[in-house]
Each structure stands twice: as structure tokens, then as C-alpha cells.
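Q: Sequence and predicted structure, then a few things I'm wondering about:
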Amino acid sequence: MATPEQLQELIQAVQGMNVELQNVKAENAALRQMITARESRETDLPPMSLSSGKYDGSPKRLKEFLESCAIYFAFRPHTFASAHTKVGFVISNLTGNALAWASPLVTSNNPVLQDYGAFVTLFKQTFEQAEITHIAAEELLDVQQGSSDLRTYISSFKRLAWVVQV
């Protein structure tokens with residue numbers, strides 16, 4: 001059996017724990033408010049413009065455009081929490097040939113619109129191939145026999161012409 005002094009110590013210990021519990025609850029509530037305030041600030045950020053501007057399908061600007069989008073997403077994780085919102089943002093920043101390419105995907109509600117990785121892969125395949133073709137076409141115009149033998153010249157010409165055809 002506990003002595004009155006021991007019981008008093010236990011009561012004081014329980015009261016101390018109760019005070020500590022109340023402090024933890026208050027601190028928890030304050031942290032929740034801070035998190036909520038921070039989330040609302042992140043989602044209420046003013047619009048940022050893409051450093052690359054709208055993308056028109058130019059092969060030379062593809063990498064820059066996709067990097068600008070990635071930076072934009074990194075600074076707004078709550079705004080772009082889903083793949084669908086990322087794809088929508090990319091499409092909203094297309095113009096010209098690139099927009100003409102994306103429009104059928106939107107009108108047909110293509111499943112790729114729900115998968116950012118798949119969308120970017122398809123996007124890159126379309127416009128990187130255009131870049132390869134563009135570069136090969138430029139090189140094709142510059143092919144000259146010069147000091148190389150005829151077989152080397154013909155081989156270079158055929159290789160570049162094949163890339164342009166693909």
C-alpha cells in the first residue's frame with residue numbers, strides 16, 4: 001500500500017504530465033496552422049512565366065522548354081500534384097505546330113494526358129525527331145565531295161538522306 005506522500009507524488013506527476021500534454025497539443029495546433037498557412041501561400045503564388053516562353057515546335061527549343069516546365073513544377077508542388085495538371089500546363093504553353101500536335105490528344109481525351117512521363121516521352125519523340133531531321137537536312141545541303149573519295153561522299157549523302165526521310 002502506498003503512503004500518503006507517495007500518493008501525493010503520483011498525483012503531482014500526473015498533473016505534470018497533463019500540463020506537458022496540453023503544451024504538446026498547443027504546439028501541435030500551432031504547427032498545423034503553420035503548415036496550412038505555408039500550403040496556402042504556395043498555392044496562391046502569383047503566376048510565373050516560363051523563361052522559355054510558349055513552345056511552337058521548334059526542335060532547337062525543346063530541351064529549354066521542358067526544363068522551364070520542370071523548374072516551374074518544382075517551385076509549385078501543390079499546384080502540380082497530379083500528372084494531369086502538369087500535362088495541362090505544358091499544353092497550355094504550346095503554340096503553332098506544337099499546339100496542332102497536342103490538340104487531337106485533348107479532343108480525343110487520349111490516356112497519355114493522365115501520365116506526364118508518357119506524355120513527355122511522346123512529346124520528345126515527336127519533336128526530337130524533327131530536330132534530328134532538321135539537322136540532317138542542313139548537313140545534307142553541306143555535303144561536298146571535297147578531298148574524300150566518291151564512295152565516302154555517296155555514303156555520307158545516303159546516310160543523311162535516309163535520316164531526313166525517316
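A: All right, it came through fine. Numbers count the residues shown, from 1 in each chain.

Q: what helix or strand does the closest residue to Lys124 other than its chain neighbours sit in?
A: Using Cβ to Cβ, 6 or more residues apart in numbering and skipping the chain neighbours, the partner closest in space to Lys124 is Leu62 (7.0 Å). Using the backbone N, CA and C atoms, a C-beta is placed for each residue, glycine as well. Element membership for Leu62, per DSSP states H and E: helix 62-74.

Q: pLDDT on the helix or strand just after that helix, on average?
A: Heading C-terminal from helix 62-74, the first helix or strand you meet, by DSSP H and E, is helix 83-92. Helix 83-92 shows a mean pLDDT of 94.

Q: Run through the helices of the chain in chain order.
A: Counting by DSSP state H, the chain has these helices, from start to end: 4-43, 62-74, 83-92, 96-107, 116-142, 150-165.

Q: mind giving me the domain ranges of the chain?
A: With domains defined by automatic domain parsing, the chain comprises 1-44, 59-165.

Q: Give me the distance between the residue nearest to Lys124 and Pro104.
A: Per Cβ to Cβ, to the nearest Å, Leu62 is found 19 Å from Pro104.

Q: Which one of those two is surrounded by more residues?
A: Legend: neighbour count by other Cβ atoms under 10 Å for Leu62 and Pro104, higher for Leu62 (20 against 9).

Q: Distance of that one relative to Tyr72?
A: According to Cβ to Cβ, Leu62 stands 16 Å off from Tyr72.

Q: just Glu64 next, same as before
A: Glu64 is 13 Å from Tyr72, by Cβ to Cβ.

Q: if you count what's nearby, which of those two comes out ahead?
A: The neighbour count for Glu64 versus Tyr72, taken as other Cβ under 10 Å, is higher for Tyr72 (20 against 15).
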